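Student: Predicted model, plus sequence, below.
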Amino acid sequence: MARFSGGKAPFLRISDTKGHGTNVLMRDFIIGLLPVILFAWYKNGILVYSQGNINFFEMLYPLFFIIVGGLGSVLMEAIFFLVIDKEIKTPKQLMEKLSTSYAAIPGLILALMLPVYTPIWVLLFGCFIANIVGKSLFGGFGHNIWNPALLGYAVIKVTLMGVINAAGSYLNVSEVLVDSYAGATPLAMLAKNIISYDALVTPYGGLWNLFAGFHPGGLGETSFLVMIISYIWLSARKVIRWQTPLLFVSVFFGLSWVVGALNGVTDIWFPLYSIFTGGIMFGAVFMITEPVTTPRNPLGKTIFILFLAVLTILFRYVGNLPEGFGTAIILMNIFALPIDKFSAIIKANRWDKVAYKYIAIIFGILIVLGLYAVLKAGNSYNLFIPLIQIGGAF
Amino acid sequence: MIFQKTKGVHIDGCKGMCKIRPMQEYLDPEFVYIHLLQGNSSLKPVVEVGETVKVGQTIALREGFAPMNIHSSISGSVTAIKKVWHSSGKMVEAFEIKNDFKNTLDPAIKPNKNVDSLTRDELVNMMKDSGLSGLGGAGFPTYFKYLTKENIDTIIINAVECEPYLTCDYYFLLKYPKKLIKGLKYMIRAAGAKKGVIVYKNYNTKIKEALSELLPSDGSITLFEVKDVYPAGWEKYIIERVTGKTYKFLPSEVGVIENNSTTAIVYSDVVEHNIPLIVRPISITGEGITEPNTFLVPIGTKVSELVEKCGGYVEGLDTKNANYIAGGPMTGRAIFIDDLIVNDTLGAVIVKPIVDGPRPECMGCGKCADVCPAHLTPTEIRNAFEAKDTDLIRLLNVRKCVQCGLCSYICPSHVEITDYVIKAKELLRKAAK
């Protein structure tokens, strides 16, 4: 008679088979970032070099910048573990700890969102905010509330934007030479202007340029086209749910169209312009699919996305905030927990009586917020005037 | 999305290990041990130590909820009442019966001449007297399903066997396809139903071949294919696919009774020859077994004898770092000592080395909520359990969980999420008292 080990059912685990664990998911995620990194290098390094505006070593700088972002994040977490965790004594233990906290990812994403000539110390400050404040202090991987990279970016944006502006703002060396850019990203133009094709799209050389990503913006967040490649890879490897980015982009496209139509622009260029700018696709592929800070169950994810789309409309067209999408994500990250809970209850009871209360709360807020955002952005309160008159008649 | 049906997940079946060898019979063990436990209720013995018993003789009674009879599976003498391991992971008292190798049958076992004139009640009573219980693994007394007052329209035979590794139903069906059709016909009569459906997985073409010739010409019995996913053998999944209807608590709400294929085969013997439930097929398989095999054995056989017939454990198996699983790999139970006895619900014993790997934190990818066939969100249930919030656990409808194990299976971080859900269920049960 032999003694056997205990264990919990099920005894088959997908994580035991090769190529299915969390490590592999994270590896695939970084591979998904590669096209974006290469594009960022091409746009801000190789292309500018080929135009003869910078020398060879300056061409390598964007790549260097992104790698510093990744390494900076790992360094921050390594220091944090050394200070906080008394159990870590040998370098091997430290490596083990780092290998299950996936430290490099926030730094890489942060670097891709910043303008290319951001000073390195600002980037490292961002890494500090992202990895220490945004992640480790909450309890490490799997416990953070905000998307670490986005939190780092937001803090930089609020506190150190002046430093970045002094260093060259959002334009790389070639883009400075283009007069029509006027020192602004496409969305900053939107905040200044009324909606017209000539003001919004023409300075950037047409919709194709916006789609391919050759317009001023963060290092790697500009290209819709490259993000589609990443999206296909990540979906095929099942790192992200393929529905999430698709749903967000299409809902945002639809809402933008309505906003445009209410402002008298019914052409398709306006919604297209809306989804090509402001890092919509970058956020849709890499941030709203981020597992830790978004709801867990499919229904919760759908609700989360609807809210995000509405809030992005609100911040961007009503609040005239170029970073509307990032702000919306940070705000919604806080509500990921209640949305998750409510949607879990709704789903478990299969839209039954028990869940009516929760359905009413969530969809009530969503509808009111959505109507307000769209009508306000479309300056269309006068639609209500007949209703008010009817009300007054009684 | 809102009213989606259960999708299921494709899992590598690992059934090839057993399927390369035909089913063997092992009908004369020296000792058998009949557990004094059926389902959750302990049994009342009706024979004493020292008495001689015959094959098929009633030796114990299940009393209280759903009473029925339990029979001796061999002839010989009762030598002791001993505590032995049961597949539920507990030690349970059992009759030890020493085989006299004479195979004397109980006088009740004889061909039934008036099969065609049996009434509905008599057919149901036969199920009860023969101790027939769900042989797929639930062990629910079969006749109890037939006492329903609802109008039954369809009998569904579940030959899906969606658990990986298991081949016992598959082999038993291929061995007795005619008996399956007969058993199904008797079941249709016992329920007063109109038609029968046999459900099997799409890759099991042999089942299709074996059965399609035998189907009656009036079209009252049909075949139905389901996809190769887990949990395709779940009652609700099958009934949703076959009838398109969904039910809340019991299949009889939509006019359906569902039985396992092995149960139907045994039932045909019960009706025609009065042979009660005394044998069942069992797979001995897994990476830790030298020559995995499927056996037909009397209930009460020692599993260790079967393992020996399979050539024992593979060489160099570190048993301290391996699992000895009673039942399928998804819903089974780890037994600490390899001293298990075959009981009516045990379809397989699997010996499998444990795979070591990294165990990162839950990152909240939500894959468990994606695959849950009962539409639950296991991560939320885990949070509610850790907060001991019974109201929230109730709102999250944790009772719907069928413990299929898919959430743990799919988890990339190897979190024991199924176990948290089971614990939450228990917490709710305690709080309700």
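Tutor: Ah, there it is.

Student: closest point of the stretch 51-200 of chain B to chain A, which residue?
Tutor: Using C-beta to the nearest C-beta, B:Pro164 is the residue of the stretch 51-200 of chain B that sits closest to chain A, at 6.2 Å. (C-beta placed from N, C-alpha, C; glycine too.)

Student: Show the pLDDT at that residue.
Tutor: Looking at B:Pro164, its pLDDT reads 89.

Student: To which secondary structure element type does it belong?
Tutor: coil (DSSP: H, G, I helix; E, B strand; the rest coil).

Student: How many residues are close by it?
Tutor: 21 (other C-beta atoms under 10 Å in any protein chain shown).

Student: residues contacting it?
Tutor: Residues counted as contacts of B:Pro164 (C-beta atoms under 8 Å, 6 or more residues apart in numbering or on different chains) are A:12, B:11-15, B:230, B:328-330.

Student: again, only this time at 7 Å
Tutor: Contacts for B:Pro164 were tallied using C-beta atoms under 7 Å, 6 or more residues apart in numbering or on different chains; they are A:12, B:11-14, B:328-330.

Student: what about burial for those, which qualify?
Tutor: Neighbour counting by 16 or more other C-beta atoms under 10 Å in any protein chain shown classes A:12, B:11, B:13-14, B:328-330 among the contacts of B:Pro164 as buried.

Student: pLDDT-wise, what's the bottom of those residues?
Tutor: Note: of these, the lowest pLDDT belongs to B:Gly13, at 79.

Student: Report all helices and strands that the one helix or strand B:Ser77 maps to contacts.
Tutor: Secondary-structure assignment from DSSP states H and E places B:Ser77 in strand B:76-85. With contacts defined as 3 or more C-beta pairs under 7 Å, 6 or more residues apart in numbering or on different chains; DSSP states H and E, the packing partners of strand B:76-85 are strand B:52-53, strand B:91-99.

Student: looking at the ones you listed, which is closest to A:Phe307?
Tutor: strand B:91-99 (54.4 Å; C-beta to C-beta).

Student: Hmm, B:Pro373 is touching B:Gly233, no?
Tutor: No. Under the criterion of C-beta atoms under 7 Å, B:Pro373 makes no contact with B:Gly233, lying 11.1 Å away.

Student: Name the residue in these two with the higher neighbour count.
Tutor: Taking other C-beta under 10 Å, B:Pro373 and B:Gly233 do not tie; B:Gly233 has more neighbours (26 against 23).

Student: Stretch B:425-433 vs chain A: in contact?
Tutor: No. Using C-beta under 7 Å from any C-beta of the partner chain, we find that stretch B:425-433 stays clear of chain A, coming within 13.0 Å at best.

Student: average pLDDT across that stretch?
Tutor: 89.

Student: Also stretch B:139-148?
Tutor: pLDDT averaged over stretch B:139-148 gives 86.

Student: if we look at it, which residues are touching it?
Tutor: For stretch B:139-148, contacts defined as C-beta under 7 Å, 6+ apart pick out B:38-39, B:66, B:68, B:124, B:127-128, B:132-134, B:190-191, B:252, B:257, B:259, B:263, B:344-345.
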